[in-house]
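> Here is the input, now give the coordinates:
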Amino acid sequence: MDLGFRGEVADFYHRFRRGYPPAVIDSLVAAFELTSDDVVVDLGCGTGQLTLPIAERVRSVVGMDPEPDMLLRGRSAANGVANVSWMIGSDADLPALGRLIGGRLGAVTVGQALHWMRHEELFHAVASLARPGGGVAVVTNGTPLWQQDTAWSRALRGYLEDWLGSKVTNTCGTDDASQRRYRDSLTAAGLEPAVVSVDYADELSVEQIVGGVYSALPVDRVPAPEQRPGFAMRLGEVLQPHGPYVEQVRVTVLTGRIRSGR
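Predicted coordinates for the structure are as follows:
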């Protein structure tokens, strides 16, 4: 399936998608008791926002994504990090990758990408590939910019709906119903679910909001280069009465762990 996250969208993704606070990486290490002996697979890795900080804490990480342009940007951002491998693939390729790596995985991480995957099949695959105490982590990096309960977010949503000519409803798996569904599926796969949240506030500029929007659009829906100054100017006018643009970010780390006694 072509998700359209290529070309310029990969560049916008790299520039404007936020990384993860150190407390999130600490929670992953603690949940799975990761050590310098472990191998982690970061599925839907994008340009490496989660891949690279995890690599500092384990033996190696495989960053896997179906979009080659995402992987090229991730590799260029690695700055000499030697224990990351970048691989084209999707969640459907995890069982084959597990056999190729051999042994048991410390963890499989999915950062704000599970809504593109067959999560029930993925969780069952992890249950057969992870070592005791390991498992899968679903990390949602805040509610989408256009779905928040603030005046500026509502103004953004209205602007996007006018511009796209359709309702903007995608929550990217951050909503309560999706999170409950994921927890139920972890239990059904024989994994032990747990949740940790990390909260912080971030003040955004109009440029960051525009870039965040571009990073979330398929490449064929991103405004053409000659349209972008007008798009940004009009959006800035719509947002201006509602500043400052403070985002209350909740990073949710939903883990499914294989019991150590298995």
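> show me what contacts the closest residue to Ala55 other than its chain neighbours?
With C-beta to C-beta, 6 or more residues apart in numbering as the criterion, Ala55 has its nearest non-adjacent residue at 4.6 Å, and that residue is Val61. In this view, the C-beta of every residue, glycine as well, is placed from N, C-alpha and C. Val61 makes contact with Val39, Val40, Val41, Asp42, Thr51, Ile54, Ala55, Asn83, Val84, Ser85 under the criterion C-beta atoms under 8 Å, 6 or more residues apart in numbering.
> So Val61 belongs to a strand, correct?
Yes - counting by DSSP: H, G, I helix; E, B strand; the rest coil, Val61 is located in a strand.
> Tell me the pLDDT of it.
As predicted, Val61 sits at a pLDDT of 97.
> Can we start the residue count at 37 from this point?
New numbering, starting at 37: the last item is Val97.
> that older thread, buried ones among the contacts of Val97?
Burial by neighbour count, 16 or more other C-beta atoms under 10 Å: within those this picks out Val75, Val76, Val77, Asp78, Thr87, Ile90, Ala91, Val120.
> re the thing from before, which ones among the contacts of Val97 lie within helices?
If you go by DSSP state H, the contacts of Val97 have Thr87, Ile90, Ala91 in helices.
> picking that back up, now the residue nearest to Ala91: how far from Leu79?
In this view, Val97 and Leu79 are 11 Å apart by C-beta to C-beta, to the nearest Å.
> Kindly report the same for Asp235.
Relative to Leu79, and taking C-beta to C-beta, Asp235 is found at 25 Å.
> who's the residue nearest to Ala91 bridged to?
Per DSSP bridges, the residues bridged to Val97 are Val76, Val120.
> related to what we said a few turns ago, just put the buried ones among the contacts of Val97 in CSV and tack on distance to Trp182 and pLDDT.
Below are those laid out as CSV (distance: C-beta to C-beta, whole Å; pLDDT from 0 to 100):
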residue, distance to Trp182, pLDDT
Val75, 36, 96
Val76, 31, 97
Val77, 30, 97
Asp78, 26, 97
Thr87, 26, 97
Ile90, 28, 97
Ala91, 31, 97
Val120, 32, 96
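> any low-confidence regions in the chain?
37-42, 139, 296-298 (pLDDT under 70).
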